[in-house]
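Colleague: how would this look folded up:
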Amino acid sequence: MGWGWGHMVFGSLMMLLFWGAVVLAVVLTVRYIGGSGGRAESSDSPNRALAILEERFARGEIDKEEFEERKRLLSR
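Modeller: Down below sits the predicted model:
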């Protein structure tokens, strides 16, 4: 008669493992379908950096010399 609590703990543990596996499967599926898996896309990075640089120049945050120097560094 003393075995009732043991089964309850085991059942709870198995339920936690089951739902953890379900959540893990969903996360991995979303990452796989999404493609990048949370990583930054390297092919777009130079274009994005240049766009930010042009925006900063247009807002007057940097002068022409600094803009040209950074643009030259990005084009390497």
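Colleague: Okay, and E65 sits in which element?
Modeller: Here E65, judged by DSSP states H and E, is contained in helix 64-74.
Colleague: Can I get that helix as CSV, trimmed to CA atoms?
Modeller: Taking C-alpha atoms only, helix 64-74 is exported to CSV below (Å, rounded to 0.1, in the frame of the first residue of the first chain):
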residue,chain,number,x,y,z
LYS,A,64,32.1,63.9,-45.0
GLU,A,65,35.6,62.9,-44.1
GLU,A,66,34.5,60.4,-41.5
PHE,A,67,31.8,59.1,-43.9
GLU,A,68,34.4,58.6,-46.7
GLU,A,69,36.9,56.9,-44.4
ARG,A,70,34.4,54.4,-43.0
LYS,A,71,32.9,53.8,-46.4
ARG,A,72,36.4,52.9,-47.7
LEU,A,73,36.9,50.5,-44.8
LEU,A,74,33.6,48.8,-45.5
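Colleague: Buried by neighbour count: which residues of it qualify?
Modeller: 67, 70 (16 or more other C-beta atoms under 10 Å). Placement of C-beta: from N, CA and C, glycine included.
Colleague: what about that helix, distance to the chain center?
Modeller: 29 Å (C-alpha atoms, centre = their mean, to the nearest Å).
Colleague: and the residue nearest to R56 when sequence neighbours are not counted, how many residues sit next to it?
Modeller: Residue nearest to R56 in three dimensions, not counting chain neighbours: I62, with 5.2 Å by C-beta to C-beta, 6 or more residues apart in numbering. The number of residues packed near I62 is 15, by other C-beta atoms under 10 Å.
Colleague: Next one, pLDDT for I62 please.
Modeller: With respect to pLDDT, I62 scores 93.
Colleague: do the same with the one 10 residues further on
Modeller: The predicted structure scores R72 at 93 on the pLDDT scale.
Colleague: likewise S45?
Modeller: On the pLDDT scale, S45 is placed at 73.
Colleague: which strands and helices sit next to the helix holding E65?
Modeller: Helices and strands touching helix 64-74, by 3 or more C-beta pairs under 8 Å, 6 or more residues apart in numbering; DSSP states H and E, are helix 45-59.
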